[in-house]
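Novice: Here is my input; please provide its structure:
(chains A, B, C, D, E and F)
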Number of protein chains: 6
Amino acid sequence: MPKKIAAFGEVMMRLQVPGHDLLSQSNMLRYSFSGTGVNMLSALANFGHTGCLISRLPHNPVGDAAAAELRGLGISTKFLQRGGDYMGMYFLENGFGVRPGRVTYTNRLESSFNTAPEGTYDYGGIAQSIAAIHFCGITLAMNDAVRSHMKALALAVKAQGGLVIFDSNYRASLWGAEGHTRAKPYYEDMLKLADIVMMTEKDALWTLGMSTDKEGRKAQLEELIPAVADEYGIKIIAGTHREIHGDNSHSLLGYIYKDQSLVFADPLRFSVYDRIGAGDAYASGIIHGELEGWPAEQTVRFAAVAGMLAHTISGDTPKASEGDILRAMTEAVGDVER
Amino acid sequence: MPKKIAAFGEVMMRLQVPGHDLLSQSNMLRYSFSGTGVNMLSALANFGHTGCLISRLPHNPVGDAAAAELRGLGISTKFLQRGGDYMGMYFLENGFGVRPGRVTYTNRLESSFNTAPEGTYDYGGIAQSIAAIHFCGITLAMNDAVRSHMKALALAVKAQGGLVIFDSNYRASLWGAEGHTRAKPYYEDMLKLADIVMMTEKDALWTLGMSTDKEGRKAQLEELIPAVADEYGIKIIAGTHREIHGDNSHSLLGYIYKDQSLVFADPLRFSVYDRIGAGDAYASGIIHGELEGWPAEQTVRFAAVAGMLAHTISGDTPKASEGDILRAMTEAVGDVER
Amino acid sequence: MPKKIAAFGEVMMRLQVPGHDLLSQSNMLRYSFSGTGVNMLSALANFGHTGCLISRLPHNPVGDAAAAELRGLGISTKFLQRGGDYMGMYFLENGFGVRPGRVTYTNRLESSFNTAPEGTYDYGGIAQSIAAIHFCGITLAMNDAVRSHMKALALAVKAQGGLVIFDSNYRASLWGAEGHTRAKPYYEDMLKLADIVMMTEKDALWTLGMSTDKEGRKAQLEELIPAVADEYGIKIIAGTHREIHGDNSHSLLGYIYKDQSLVFADPLRFSVYDRIGAGDAYASGIIHGELEGWPAEQTVRFAAVAGMLAHTISGDTPKASEGDILRAMTEAVGDVER
Amino acid sequence: MPKKIAAFGEVMMRLQVPGHDLLSQSNMLRYSFSGTGVNMLSALANFGHTGCLISRLPHNPVGDAAAAELRGLGISTKFLQRGGDYMGMYFLENGFGVRPGRVTYTNRLESSFNTAPEGTYDYGGIAQSIAAIHFCGITLAMNDAVRSHMKALALAVKAQGGLVIFDSNYRASLWGAEGHTRAKPYYEDMLKLADIVMMTEKDALWTLGMSTDKEGRKAQLEELIPAVADEYGIKIIAGTHREIHGDNSHSLLGYIYKDQSLVFADPLRFSVYDRIGAGDAYASGIIHGELEGWPAEQTVRFAAVAGMLAHTISGDTPKASEGDILRAMTEAVGDVER
Amino acid sequence: MPKKIAAFGEVMMRLQVPGHDLLSQSNMLRYSFSGTGVNMLSALANFGHTGCLISRLPHNPVGDAAAAELRGLGISTKFLQRGGDYMGMYFLENGFGVRPGRVTYTNRLESSFNTAPEGTYDYGGIAQSIAAIHFCGITLAMNDAVRSHMKALALAVKAQGGLVIFDSNYRASLWGAEGHTRAKPYYEDMLKLADIVMMTEKDALWTLGMSTDKEGRKAQLEELIPAVADEYGIKIIAGTHREIHGDNSHSLLGYIYKDQSLVFADPLRFSVYDRIGAGDAYASGIIHGELEGWPAEQTVRFAAVAGMLAHTISGDTPKASEGDILRAMTEAVGDVER
Amino acid sequence: MPKKIAAFGEVMMRLQVPGHDLLSQSNMLRYSFSGTGVNMLSALANFGHTGCLISRLPHNPVGDAAAAELRGLGISTKFLQRGGDYMGMYFLENGFGVRPGRVTYTNRLESSFNTAPEGTYDYGGIAQSIAAIHFCGITLAMNDAVRSHMKALALAVKAQGGLVIFDSNYRASLWGAEGHTRAKPYYEDMLKLADIVMMTEKDALWTLGMSTDKEGRKAQLEELIPAVADEYGIKIIAGTHREIHGDNSHSLLGYIYKDQSLVFADPLRFSVYDRIGAGDAYASGIIHGELEGWPAEQTVRFAAVAGMLAHTISGDTPKASEGDILRAMTEAVGDVER
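Specialist: Predicted structure coming up:
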């Protein structure tokens, strides 16, 4: 791959209570740095791609630690800016069985990323040196300045013939009251520019305001996803349906819409160790399959297993190599490898 | 609630081997402070009640650490006495799957609580300022001095029109040989004074010496619990039937007997993280329902879910709020909350 | 003591890298909750006083953990408000020997405390139930709303005949460029209201803009402190001179100005384990001495040793009891106590 | 038992990433010392036997730590030699659910054990003082010098009328290309000397080059194991069939061939905590049953439950006592024992 | 050495708060097993001797862990009895600099050791197989039953021509009010039987009630130690004078009285990591020198350095080999050895 | 700097017992990856240079973890080869005060680096893209193949006009008996090619076999270093004299010989936290000063402070920025920076 893949997004500091304790039971936190873009590029680095993060970190010890971790994950920091004062952070209390985990955010609106002024990023220079760029709906929810960087980057990449990837990732808590209505125009902007989109029927119904008579998630999906692709001119739409069980296991059904056809992966059920970031692992599988030119069937199966394996790994960032995933696609659950 | 809830009982230091190691495999212990009364008051504090522990702690660094933890749990220490030299302690080695956990006690009979002399507690003063008091069968097993404090407190509270709550909690290892026979008179004393009792058909059969022709736990329960209520004049009797499975999951069936009627909660099966103290969480749900004046059906369902959630939390003391429990009663197992 | 002592100030979450690692070397943080007011009240609780924190915490798991820790420290939370979304936080990387430690703050201006709207605190009600109130210069640096709460509380307490205590605690990084000039009017407001003040000659020179021909810190102190007391009508001014050595030891010289006379404690040199919060321990010793009516000589010696011992304890909050301090004042360094 | 049981084999240092992290995610390792012989003797010590390890450790701090751990496990170190420079080591990354664990070895061929020169062990002296000796196929894969020690010891023990036990334990990665062909003569040597052998139908098919028309593991086993016993004159052959599931559980079917009859234990399915060394626990159960003179049915059931319980314990070395195993054979899964 | 060295004494479980935290600041404890006899035998094992502990442990998981640790330390457990229910335990909070550490005991009088009934130990059989036996003044403080075992063992060993070693180790908190008066007859019993005694001039003054006109510890020592040796017929008396400084360093002056002559080691000053058990390391050096037949000068220098090095090692049990000590006696402080 | 700095050397896995425990006292190890080349490039990265490591790592999870850590340290991995099977490792037990630390190596001669076959590194291609290359005497001690890569790289860089840096770093344990004689020809080869050399008078005396009548290290240094520079045509020779004290402090005297003149830094004494790798920090300061064209006085003072600060940081790799060092050169020891 001569050209690199970029992602635009915030780096978050994850502060996780070890084990299954609550914040009021423990006195230790494990920290790491992640974010949709970070997770995506990290997963793609495991598949042999070189990714660059377009973001902004503070020039302090926290920013230094974040930059070191990004480099360690195999992500190029050459488009990474330093400035501003803060990093977005979130606390994670793991759930257990029937008890859901909890995420508590700090005030990320003042983060280095979310306060990056005009002129921070060299849209044109970046666009010239990359083959594809990834955005996500979480970033879209931040503020006008961030949305402006986002749109300018998407346009610049488009202009250079690069691929635009958009993960809808609607977070109700970020958009607030009347969120779907507020979000719609921004989502429509991105959908019109995007070649590959991660979304579900819920995005179509709630954010885009589409409707259907169908009942059941799958039937709604089968009606709405083709309609979205048609309306916004999107080449590929992919996503998952997730079901959560009381025994620490989840079920995952992956799908991809491409060339007028909606293809499903085999449904998977598996024990879950760390759920966060697993959606990004799925998306990275879709992108990898597309970049490799695989048939949709192979891509969606690869992506679903990539997503599944990400649930078995600590931290937000996926760790499975292409080989790990291919092996898990073909073999029974293995004994310890020695 | 103008008046407070009190509990009389020992504070134990729990010394837990981290993870699933045995004492002979590790070199670290995690410690916390608990006990039936502590767990109960802590759970009720999470529901918005103010509870006071009636107990006695040594005046040394271990006692200081215990008092700090009680305050942190939201328990008032105004009735807490300091004196004596020791705290009761127990070691906990977690089990895993088919391997049961193990509890090893230290010599608690010389603890500050179990050696509290006459005059330690101001029965009358306490009784005047509380609306209800909780006792348990573990305390009853200690020695004559403790039983004397227990009975005097129950009588004083009764005299002031307060509610007496008694959790049978028969521990065979504490009563020793011929234990049921030795225990019977003390249990009868408490049952006659109690308004709300936690017990099962086994207590009726083995401790109270009642008999039944029925087979099966549920049938025996349906016959014996009304008989006990009748004989001892108890308003409410509640409890659970527990079944333990080899995959780290338990089943729990909660019941409550009130107004001549035995009501069951839906049976629950769930993965277990920390089993100790979960019975106290169930009891706290029953007490909360009664204090709130809920119908028996709601109370028993709330209590069963409170008990279930306590299995998913580290440590003896329950941590779920009323909101957490109500949500778990109505919703499917949730994704991470963010 | 019939009436309680209050402190007004922010609760900060301290996120400390364990041992002597940097943030870029570790993946774990130890957390605790502190702040000048917290430290002060915690120290006074160790001396037998009851203190109440006037502050505001978010209604989320981080706020819950903070409230639990405050209760555990023996601080009454009855004046604690819940609201807003965030807590102020700081990262601490311990230094070692010649390498200084580093503190990195998160954006605390959006914290629950710093965004508390008008009407959050019941100035009059609080003032009626307390005998003394403590403020600090860090809080003064925040914003107009906080300064407004601060002044209103001071006036209300003054009106009820209570004692006003002010710790100058000038933090250059919070006041920014031209900081001393910006700070001066606010400091003068507080000094005029205060009965007991913690400050050094540097505050007089730089913030209050006073001048002296003397050279050497001690000589300047001897000239300026009486002048400040005179000008602002302050009964007691106290503080310390600190010197830092390359072998992990510090020297501390405590002083108190009272009744026209400046009294020094014996200079102390000692190995340092955790320097943060030790200034608050010194101040708590001054306040305790005053509340107990000790002569200035005893008060300043007690405070200096309280400050010294706080350097040997992990965390911001002092832990020494009155007995611990009195023993360290009179005895040689002791062997392990067993 | 007047005479002791010996085992000949390497002591390995196990370096385990805590929890479920990968080496690239953590910075801590938990270490312990194990090996087939160590595990076997440790399990037998739990059953009341005295075992001696015949091995060689370096004379450095790593060797000292290993020797201390062996003594702690109740293994006699009187036949343990010190010399050479290194210990064999392996890294263990735990798997989770569908993700298999990974073992990465260091270069063990230069270990103290694998470089023990002629004359290291006093074959005759050892043989005189032991009743049985255990070998394993992992050791057989090392080099000619080790194989020479192994054969000489087996002959010496045989000459003294002692029991020879051989665990086939074929490790493909150690034998390399054409491994089965290379291994066959060495395996045949050991099988001819052995009284008790641990093996499966795969060893018969692949290493010994036998053939069968049967399909299915069980049918092949039923044909091949008696044939092997017949051909090599082996009194007892035992082993397990294992199946691995995606929910962190395994199934285990134990069998023993003795007196012309192949007996199976009840199939067991259970949650798995630490899979490594569980095969040695099964083998120790077989040996214990034989040494105690139990009927084959009892021996194989005991061994299967011993193997099952070893999956619920951290580390390679089994920890269950005879009592623990007998209880687990007869009872339902127990509640915490207190 | 054909015959072994024995020690009679209790095994204590040490529960240490990690780092320099107090019990009220932490939630973790590190545990290990020690005691004067354990420390002594462990140190002598490091010097190549074989030692046997005469003691009694409970038959529960705590006793199992203790026995495993003893074996790991190289101590023979063949005279170790199992019975009773409890182990003595103590909590250790490390001090720092000017802040002394704190030890808090649990109720050890009900421990397995302190409740060992008559007939527990085979005095004669033990005496026949050992060359020397070690006792200490802590054990002497326990109760009549323990003192009776102690005296019977000392007499039996004496009768067999073995060496009796007694470490005075007077602990004021164990003897209580009028302690010295109560202790005197028991101390005199032991001194009359002992060949080697560890004591200081304080024991002579306070426990034995001797007097001197000399001032200063050294002058008193020079007068009193020869007098004690003379009066009780003791061959060797040794001990140390310790001084504690505020910078985490101690000074140690070792001495030995033998053949009418009092010999001092060079005074040593050194940084201290873990002070507990260091006195036992000094005593082990004296015993080792005597067993090896070294001149008094060499013995006391060896013992003093053994004591010094024990302060630099975590835990109660010394870890230095003879080689480590000889190297530290002759060389400057070394760089890391690689 | 348009061209990069390279270093040729092995990456070692450091396995450190946490705190001050011995391997026989703990069960945990902290791991990191280092080596003279790694440390050097990491320090230079902190000063703003880009460095590339020329080395070889195994293609397994250990090699993956090492590569991730190198990237995290800011070291380019573009010249890093993957192949072979093992990594060199060492265990580190920290010393304390008078007790020296201990390093125990595993068998590194079979490591991926030490078994790199001919053709592994593209000498010419590397030489063209770098401005300077660093070698060390530890690498020189390995084997002929490694020495052959080393010489070929040095010649290629020399041919391209690049700078050759050689750190003598003689390790007696690696060269074995007659080590100096064996080492001399290889050292002479490197000295003839080198522009900048790190060495002391001991290297001149013992390895190069030079002689002097002077006594005292400094006098010997002043005579021998100019002689070495003269004989081998070396532009710059630098190094340190180190003295180790019993209170966890070291003294360091840095020197540089350049332009016929030997310049000393101010002697420094400081508390030591982690001594390993500090020599590399000093060397990095010398190289940085030279690359920046600083006068010798400034360079040697910067290097000495860089070395000093590296003793205050955990791990082998230095962490101080240029700013940190400049501040420590000019200021008194600072208070915590907040």
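
Novice: show me where pLDDT drops low in the stretch 51-200 of chain A?
Specialist: Within the stretch 51-200 of chain A, not a single segment meets pLDDT under 70.

Novice: can you map out the helices along it?
Specialist: A:61-72, A:123-128, A:137-140, A:144-159, A:172-175, A:179-193 (DSSP state H, counting those that start in this stretch).

Novice: okay, those helices in TSV with distance to chain B and mean neighbour count next?
Specialist: From N, CA and C alone the C-beta is placed, and that goes for glycine too. Shown next, in TSV, are the helices of the stretch 51-200 of chain A (distance: least, CB to the nearest CB, whole Å; neighbours: other CB atoms under 10 Å in any protein chain shown):
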stretch	distance to chain B	mean neighbour count
helix A:61-72	20	23
helix A:123-128	30	16
helix A:137-140	10	23
helix A:144-159	19	18
helix A:172-175	7	15
helix A:179-193	15	17
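
Novice: Please convert these to JSON lines, extending it with distance to chain E.
Specialist: As requested, the helices of the stretch 51-200 of chain A are exported to JSON lines (distance: least, CB to the nearest CB, whole Å):
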{"stretch": "helix A:61-72", "distance to chain E": "22"}
{"stretch": "helix A:123-128", "distance to chain E": "47"}
{"stretch": "helix A:137-140", "distance to chain E": "35"}
{"stretch": "helix A:144-159", "distance to chain E": "41"}
{"stretch": "helix A:172-175", "distance to chain E": "32"}
{"stretch": "helix A:179-193", "distance to chain E": "40"}
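
Novice: Export those helices as TSV, with columns for distance to C:E243.
Specialist: Below are the helices of the stretch 51-200 of chain A laid out as TSV (distance: least, CB to CB, whole Å):
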stretch	distance to C:E243
helix A:61-72	26
helix A:123-128	52
helix A:137-140	50
helix A:144-159	47
helix A:172-175	50
helix A:179-193	57
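
Novice: Quick check: closest non-adjacent residue to A:G72.
Specialist: In space, and not counting its chain neighbours, A:G72 is closest to F:G72: 3.5 Å by CB to CB, 6 or more residues apart in numbering or on different chains.

Novice: Near chain B, which residues of chain A are found?
Specialist: By CB under 8 Å from any CB of the partner chain, the part of chain A that sits against chain B consists of A:19-22, A:24-25, A:90, A:92, A:95-103, A:105, A:171, A:173, A:242, A:244-248, A:275-276.

Novice: Mind giving me the ChimeraX command for buried ones among those?
Specialist: Burial among those is assessed by 16 or more other CB atoms under 10 Å in any protein chain shown; the matching ChimeraX selection reads:
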select /A:19,20,21,22,24,25,90,92,95,96,97,98,99,100,101,102,103,105,242,244,245,246,247,248,275,276
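
Novice: Among the residues of chain A next to chain B, which lie within strands?
Specialist: Within the residues of chain A next to chain B, residues falling in strands by DSSP state E are A:90, A:92, A:102-103, A:105, A:242, A:244.

Novice: dump the residue contacts of A:I287.
Specialist: A:5, A:40, A:44, A:132, A:134, A:165, A:196 (CB atoms under 8 Å, 6 or more residues apart in numbering or on different chains).

Novice: Would you tell me what helix or strand the first one is located in?
Specialist: Counting by DSSP states H and E, the secondary-structure element that holds A:I5 is strand A:4-8.

Novice: pLDDT value on the closest residue to chain F within the stretch 151-300 of chain A, please?
Specialist: Of all residues in the stretch 151-300 of chain A, A:G277 sits closest to chain F, at 17.3 Å by CB to the nearest CB. Reported pLDDT at A:G277 in the predicted model: 91.

Novice: which ones are touching the residue lying closest to it once chain neighbours are set aside?
Specialist: Spatial nearest neighbour of A:G277, chain neighbours left out: A:D316 (3.3 Å); criterion: CB to CB, 6+ apart. Going by CB under 8 Å, 6+ apart, A:D316 touches A:14, A:32, A:34-35, A:38-39, A:274, A:276-277, A:280.

Novice: Quick check, A:Y232 in contact with A:M190.
Specialist: No - A:Y232 lies out of contact with A:M190 (CB atoms under 8 Å); the separation is 9.2 Å.

Novice: show me the contacts for the nearest residue to A:D266 once chain neighbours are set aside.
Specialist: Nearest non-adjacent residue to A:D266, counting by CB to CB, 6+ apart: A:R301, 6.9 Å away. Applying CB under 8 Å, 6+ apart, we find A:R301 in contact with A:254, A:265-266, A:329.

Novice: the strands in the stretch 201-338 of chain A, which residues?
Specialist: A:236-244, A:249-258, A:261-264, A:268-271 (DSSP state E, counting those that start in this stretch).
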